[in-house]
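S.K.: Next input, structure requested:
(chains A, B and C)
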Amino acid sequence: MPAPDAEPLRAAVLDWFGRHARDLPWRSADCSAWGVLVSEVMLQQTPVVRVEPAWRAWMARWPEPADLAAASPADVLRAWDRLGYPRRALRLQECARAVVERHGGVVPAGAAELLALPGVGPYTAAAVQAFAFGRRSVVLDTNVRRVLARAVQGAALPAPSQTAAEVRLAEALVPADDATAARWSAASMELGALVCTARSPRCEECPIAGMCAWRAAGRPVDEHAGRRRTQAWAGTDRQVRGKVMALLREALGPVPAEAVEAVWPERAQLERCVESLLVDGLMVRVPGADDDQPPVYRLP
DNA sequence: AATGCGGGGGT
DNA sequence: ACCCCAGCATT
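M.R.: Below you'll find the predicted structure:
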């Protein structure tokens, strides 16, 4: 299964990348390693088009780890705005503080040091090594997984969860030298993002259509279809938490309990969500002045 | 290995 | 309506 024709495949993708790579700000030659790390955390489950303006504003406001480390969490959460999963914003600030405390304010280049940072997992650590430091690493995100599933494995889509076999395959395809490996990582991701897309792939524009196992097999349907149930959204705790966070972000000051309760009619669910937001450190409860006065809530 | 965790845009 | 998006932390 490890593609016998790895070299032509890599060459075609790298050549295509040279002509079609997007001009994203975190790819700029003068972007700092911290800028790359910030972009990667923002891009964890949030599309590029929504991250780009947020990243520009964020980096203008807090250009160095020490700047973000010194900010108030409330400001951080407001600047995060609607990027989603606001716990990531808190982790990014914890990450900034860890970089300052453990590494003197300089983003580390080693895999172990990167993985030890809050909010940094296998993907992000590999991405920072490649894109910030030009080092060889195995960058295996949803885009690369899909490209490899189709081109090499002949499947419509990768398995719901990442397998060890996928990591081995990806590893086998990464070029040996640092510079080419880093460029391959960006190129294979970009191909998945722009051409080999999940929904309606543009095979007619694909530089490796001629060597694609999925296309050669007649583009069979997804074998995991039906087993991919999406998480419901309407009425979930995630939706309720999102409403509470939106209220707190937009408020100028502390919010009365009554206003928090107004965002959702089901009392028990709202209480559960408020408690979880408190546990997550995404909000703070300030007791009322009197014992029988209701509390107020604010961002941390 | 499974779950929980936002929010918006494309199809 | 449904699906997807440069995942991570926790259980």
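S.K.: where does the residue of the stretch 101-250 of chain A found nearest DNA strand C fall, phi/psi-wise?
M.R.: Per Cβ to the nearest atom of the strand, A:G121 is where the stretch 101-250 of chain A lies closest to DNA strand C, at 2.5 Å. No exception for glycine: its C-beta is placed from N, CA and C like everyone else's. In terms of degrees, to the nearest 10, the main-chain angles of A:G121 are phi -110, psi -170.
S.K.: And the nearest residue to it once chain neighbours are set aside, what's its pLDDT?
M.R.: Of all residues not flanking A:G121 in the chain, A:L115 sits nearest, at 7.2 Å (Cβ to Cβ, 6 or more residues apart in numbering). In this model, A:L115 is scored at 98, pLDDT.
S.K.: can you tell me which residues contact A:C31?
M.R.: Applying Cβ atoms under 8 Å, 6 or more residues apart in numbering to A:C31 gives the contacts A:P25.
S.K.: Try it again at 6 Å.
M.R.: By Cβ atoms under 6 Å, 6 or more residues apart in numbering, A:C31 lies in contact with nothing.
S.K.: I'd like the distance between it and DNA strand C.
M.R.: A:C31 is 11 Å from DNA strand C, where distance means Cβ to the nearest atom of the strand, to the nearest Å.
S.K.: which element is that residue on?
M.R.: Using DSSP states H and E, A:C31 sits within no helix or strand.
S.K.: That one and A:N143: what is the separation?
M.R.: From A:C31 over to A:N143 the distance is 20 Å, taken as Cβ to Cβ, to the nearest Å.
S.K.: now A:R91
M.R.: In terms of Cβ to Cβ, A:R91 sits 23 Å off from A:N143.
S.K.: Could you do A:M211 as well?
M.R.: 18 Å.
S.K.: swap in A:A176?
M.R.: 22 Å.
S.K.: Looking at those two, which has the bigger crowd around it?
M.R.: Applying other Cβ atoms under 10 Å to A:A176 and A:N143 shows that A:N143 carries more neighbours, namely 19 against 7.
S.K.: Off-centre distance for the one helix or strand A:A165 maps to?
M.R.: Take DSSP H and E as the rule and A:A165 turns out to sit in helix A:164-173. A distance of 21 Å separates the centroid of the chain from that of helix A:164-173, by Cα atoms, centre = their mean, to the nearest Å.
S.K.: before we move on, what about stretch A:140-159?
M.R.: Distance of stretch A:140-159 from its chain centroid, counting by Cα atoms, centre = their mean, is 18 Å.
S.K.: now do stretch A:178-198
M.R.: Using Cα atoms, centre = their mean, the offset of stretch A:178-198 from its chain centre is 16 Å.
S.K.: Any part of that stretch near DNA strand C?
M.R.: Yes - against DNA strand C, stretch A:178-198 shows contacts by Cβ under 7 Å from any atom of the strand at A:M189, A:E190, A:G192, A:A193, A:T197, A:A198.
S.K.: who's in contact with the closest residue to the third one other than its chain neighbours?
M.R.: Okay, so that is A:G192. Leaving aside its sequence neighbours, A:G192 sits nearest to A:N143 (Cβ to Cβ, 6+ apart; 2.8 Å). By Cβ under 6 Å, 6+ apart, A:N143 lies in contact with A:M189, A:G192, A:A193.
S.K.: Show me where chain A dips below the pLDDT cut-off.
M.R.: A:1-4, A:226-232 (pLDDT under 70).
S.K.: how about a cut-off of 90?
M.R.: Applying pLDDT under 90 to chain A flags the ranges A:1-5, A:160-161, A:223-235, A:288-292.
S.K.: OK, now which residue of the stretch 1-150 of chain A is nearest to DNA strand B?
M.R.: Of the stretch 1-150 of chain A, the residue with the smallest distance to DNA strand B, taken as Cβ to the nearest atom of the strand, is A:G84 at 2.0 Å.
S.K.: For the spatially most central residue of chain A, give its distance to DNA strand C.
M.R.: Of all residues in chain A, the one closest to the mean position by Cα atoms, centre = their mean is A:Q44, 0.9 Å from it. Using Cβ to the nearest atom of the strand, A:Q44 is found at 4 Å from DNA strand C.
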